[in-house]
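Student: Provided below are the primary sequence and the corresponding predicted coordinates.
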Amino acid sequence: MTKRLGLLNVSALLTATALVGATLSGCATGRHFPNSAVARSIPTTAAAATTTTATAGPALTTTTTPRTTSTTAAPARTTVTTVRRVTTTTAPAVSTTGATLAGCPLFPPDNPWRQNISTLPVDPHSAAWVASVGASIDLHPDFGSNPSYGIPYVVVPASQPNVPITFTAYGDQSDPGPYPVPANAPIEAGSDRHVLVASANCHLYEMYDASPDGHGGWDAASGAVFNLRSDALRPDGWTSADAAGLPILPGLVRFDEVSAGQIDHALRFTVAQTQDGFIHPATHEAGDTTDPDVPPMGARFRLKASFSLAGYTGEALVILQALKTYGMFVADNGSNWYISGATDPRWDDNDLDQLKTVPGSAFEVVDTGPVLTSS
């Protein structure tokens, strides 16, 4: 995936990030999801029928330098045969208990990540946005048993020591440290170098372009803290460790959930070109066009109810059912239709390859709110 503050449109690459937990020190300052920023009027086209921040973040500046990312092709995928842990042949029931992470709820039940969108109306720009991403391009799992693919994460106890975090690029839009990041926290393969930490204190700590500083702390281009018990969003115009200002870990396909037979939250995917705008719960734009036929960050795509799941089995079936019920957010610039997941040696790559038979035309965009801008 590619990342960016000022933004580039890049077509792109596969990623893997690391996550690590923290001690209870608070949550990021933000707004609740019903609040809105400046709504952009989008004409209908013919094609369409965190550690607690003690002080408030500084005002958004508009002169930040765009992040640059590699556009080299990802290495060929190595298929590793693993024991299939999921043998489901029918769609699983929707969870009544809700998603969890590090022993904590994955946000409150009314949070957008937890919202069942299977009956929401189709957005007027759905046809145009699907065409922009590629109606004839297939879905692609950007994760698997090969550690070069996907985003690894780590869960830590609430007692994990905090360490200093130094921001090297986007400190004015980052939640200040310290963060409870272990010295051996896994770092995503590739240029984005995400580090993700889930703490039993019910907070997520996520960093972009992160590296150990050699003195027990970490350097990172940006960082964000999310309270798993809160609906608060980041301030409008703020990035996170992700281009859209969203948390990364909640949007990953995780093996533990799939092996249990269901995913009851939205997922995350990338597109090559995004509009200069965002839809809540996203808070940051990462595109360089105002073309209304290009999707903004936070646009929520859903697998159509009419798309038959007959013939799909195992891991792929669980993922596809989640895409019908909860959908997936445009979260970053990258290769079209690349859906994000956590690296795990137990994934059955042959099973996941079933996802590559699902065309973009099988998706539609649901209406979840207006396109906003931070200006």
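Tutor: Done, it's in.
Student: From now on I want contacts and neighbour counts done on CA atoms only, so please keep to that.
Tutor: Will do.
Student: Strands of the stretch 201-350 of the chain, residue ranges please.
Tutor: Ranges of strands within the stretch 201-350 of the chain are 203-208, 211-212, 218-220, 222-227, 232-233, 267-271, 300-303, 328-333, 338-340, based on DSSP state E, counting those that start in this stretch.
Student: Let me know the angle separating the top helix by length along the chain from strand 267-271.
Tutor: Identified as the longest helix of the chain according to DSSP state H is helix 314-325. Put simply, helix 314-325 runs at 80 degrees to strand 267-271, going by axes from the mean of the first three to the mean of the last three Cα atoms, to 10 degrees.
Student: Work out the gap between helix 314-325 and the centre of the chain.
Tutor: How far helix 314-325 lies from its chain's middle: 17 Å, per Cα atoms, centre = their mean, to the nearest Å.
Student: By mean pLDDT, flag the weakest helix or strand of this protein.
Tutor: The least trusted helix or strand in the chain, going by mean pLDDT, DSSP states H and E, turns out to be strand 31-32, with a mean of 39.
Student: Need the CA coordinates for the longest helix of the chain. PDB is fine.
Tutor: The C-alpha coordinates for helix 314-325 follow below in PDB (Å, rounded to 0.1, in the frame of the first residue of the first chain):
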ATOM      1  CA  GLY A 314     -13.300 -22.300   3.800                       C
ATOM      2  CA  GLU A 315     -11.400 -19.100   4.500                       C
ATOM      3  CA  ALA A 316     -12.500 -17.400   1.300                       C
ATOM      4  CA  LEU A 317     -16.200 -18.000   2.100                       C
ATOM      5  CA  VAL A 318     -15.900 -16.400   5.600                       C
ATOM      6  CA  ILE A 319     -14.200 -13.300   4.100                       C
ATOM      7  CA  LEU A 320     -16.800 -13.000   1.300                       C
ATOM      8  CA  GLN A 321     -19.700 -13.200   3.700                       C
ATOM      9  CA  ALA A 322     -18.100 -10.400   5.800                       C
ATOM     10  CA  LEU A 323     -17.800  -8.300   2.600                       C
ATOM     11  CA  LYS A 324     -21.600  -8.700   2.100                       C
ATOM     12  CA  THR A 325     -22.500  -7.800   5.600                       C
END
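Student: That one - contacts with which helices or strands?
Tutor: For helix 314-325, the packing partners by 3 or more Cα pairs under 8 Å, 6 or more residues apart in numbering; DSSP states H and E come out as helix 255-260, strand 300-303, helix 349-352.
Student: Other residues contacting the second one?
Tutor: Which is strand 300-303. Strand 300-303 has contacts (Cα atoms under 8 Å, 6 or more residues apart in numbering) with 117-118, 320, 323-330, 362-368.
Student: Over to the longest one?
Tutor: Residues outside helix 255-260 that contact it (Cα under 8 Å, 6+ apart): R85, V86, I263, E315, V318, I319, A342, D344, R346, W347.
Student: Could I get the buried residue list for it?
Tutor: F255, E257, V258, S259 (16 or more other Cα atoms under 10 Å).
Student: Find the nearest non-adjacent residue to P112, please.
Tutor: P281 (6.9 Å; Cα to Cα, 6 or more residues apart in numbering).
Student: who's in contact with the one you found?
Tutor: Listed by Cα under 8 Å, 6+ apart, the contact set of P281 reads F33, P112, L233, L246, G298.
Student: Need the worst-confidence member of those residues.
Tutor: The lowest pLDDT within those belongs to F33, with 37.
Student: Out of the contacts of P281, which is nearest to V181?
Tutor: L246 (19.4 Å; Cα to Cα).
Student: ok, the nearest residue to that closest one once chain neighbours are set aside - contacts?
Tutor: Distance criterion Cα to Cα, 6+ apart; nearest residue to L246, sequence neighbours excluded, is A282 at 5.6 Å. Contacts here follow Cα under 8 Å, 6+ apart; on that basis A282 touches L233, A244, G245, L246, M297, G298, A331.
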